[in-house]
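**Q** The following block contains a protein sequence and its predicted model.
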Amino acid sequence: MVSGCMSDSLTADGKEEVDMTCDERMGVTISIFNWLMDHPDENERVVNQIMQIFVDEFGDLSVSDYACECCGDHIYTSEIEI
């Protein structure tokens, strides 16, 4: 992974992500998840982030009708059935 003010680049197995086929991206994704499964003590934060992003992206969002009396915030709920 290379990040800078002008560009971001993710390269796996010598190939940039933007040049990968869907199958190649899937292979990299599977490799990442296999690593996470093999290192359970090291990945709690990463898995938590993945789950949050997944639910935010694909879940059904609902907003409570009532605002908090103290701060005015509403409760947002995202839910997905897997």
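**A** Cool, the structure landed.
**Q** could you pull out the helices for this protein?
**A** Remark: helices assigned in the chain by DSSP state H are 22-38, 44-58.
**Q** The longest one vs helix 44-58, what angle?
**A** This means helix 22-38. Computed by axes from the mean of the first three to the mean of the last three C-alpha atoms, to 10 degrees, the angle separating helix 22-38 from helix 44-58 equals 140 degrees.
**Q** Would you mind writing the CA trace of helix 22-38 as CSV?
**A** The C-alpha coordinates for helix 22-38 follow below in CSV (Å, rounded to 0.1, in the frame of the first residue of the first chain):
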residue,chain,number,x,y,z
CYS,A,22,-12.8,-9.4,-10.3
ASP,A,23,-11.4,-13.0,-9.7
GLU,A,24,-7.9,-11.6,-8.8
ARG,A,25,-9.5,-9.2,-6.3
MET,A,26,-11.5,-12.1,-4.8
GLY,A,27,-8.3,-14.1,-4.5
VAL,A,28,-6.6,-11.2,-2.6
THR,A,29,-9.6,-10.8,-0.4
ILE,A,30,-9.7,-14.5,0.4
SER,A,31,-6.0,-14.4,1.3
ILE,A,32,-6.6,-11.4,3.6
PHE,A,33,-9.4,-13.2,5.4
ASN,A,34,-7.3,-16.4,5.6
TRP,A,35,-4.6,-14.4,7.3
LEU,A,36,-7.1,-12.9,9.7
MET,A,37,-8.4,-16.3,10.6
ASP,A,38,-4.9,-17.6,11.2
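**Q** avg pLDDT for it?
**A** For helix 22-38, mean pLDDT rounds to 93.
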